[in-house]
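Q: predicted model follows, preceded by the sequence.
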Amino acid sequence: MATDGEQTVKHASPAWPWTYSESLIVFLALFTVLTFTLSQSVYEMLLGNPDFLLFRRVSNWQLLGIVLVFNWLPALGLFALCASLRRWHPWLGLGFLAAVYFLLFVLFFGQVHNHQALAGWRAVPNSYWVWVVPAGLLALASLRFPSAFQNCVLTLSPVLL
């Protein structure tokens, strides 16, 4: 507790590793990166296979169920795992978030690269560094500057748009 001359500092409870606003930001950042990664996959699947044009006949409730299952539930699961790891040690939670961001960005950049290679661009041999280096830099940024990284990611959030 703070005395008369001390400033009060808002801490998370021992049962919950973040304040509620921090929790929302972490969850929305995970949801945003996961949505962009999955959207790229779904976009390629819809373009590459005419059988998936049946999605145009899907009702709004069915589409909401698809978004819930493929976007919200994985983000909630990753967030719950990250929160439980952060309860053990704060750096363990941040390291897990950085690893998740790294894997999602590698997947995203790999999909974008494959789409460009299939579009007729000349593929560079051993071009995995085109995916790994930017994904690694973004993961390091999420580890070194977590709040700035999450705020940057939130500018692209489909929830906020």
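A: Cool, the structure landed.

Q: helix or strand next in line after the helix or strand of the chain with the lowest mean pLDDT, which one?
A: Scoring the helices and strands of the chain by mean pLDDT, DSSP states H and E places helix 60-67 at the bottom, with a mean of 74. Note on helix 60-67: by DSSP states H and E, the next helix or strand toward the C-terminus is helix 73-88.

Q: the least confident helix or strand of the chain vs helix 73-88, what angle?
A: On the basis of axes from the mean of the first three to the mean of the last three Cα atoms, to 10 degrees, helix 60-67 is oriented at 40 degrees to helix 73-88.

Q: so where is this protein shaky, pLDDT-wise?
A: Low-confidence segments of the chain (pLDDT under 70): 1-20, 40, 43-48, 50, 52-58, 63, 115-126, 159-161.

Q: what about the helices in it?
A: Remark: helices assigned in the chain by DSSP state H are 20-48, 60-67, 73-88, 90-118, 129-144, 146-154.

Q: for residue 98, give me its contacts.
A: Neighbouring residues of residue 98 by Cβ atoms under 8 Å, 6 or more residues apart in numbering: 139, 140, 142, 143. The way it works is simple: take the backbone N, C-alpha and C, and place the C-beta from them, glycine included.

Q: roughly how far does residue 109 sit from residue 138?
A: Residue 109 is 9 Å from residue 138, where distance means Cβ to Cβ, to the nearest Å.

Q: same thing with residue 91?
A: Residue 91 is 18 Å from residue 138, by Cβ to Cβ.

Q: more neighbours, the two?
A: Applying other Cβ atoms under 10 Å to residue 91 and residue 138 shows that residue 138 carries more neighbours, namely 22 against 11.

Q: residues near the residue lying closest to the more buried one once chain neighbours are set aside, how many?
A: Leaving aside its sequence neighbours, residue 138 sits nearest to residue 105 (Cβ to Cβ, 6 or more residues apart in numbering; 5.2 Å). For residue 105, the count of nearby residues is 22 (other Cβ under 10 Å).
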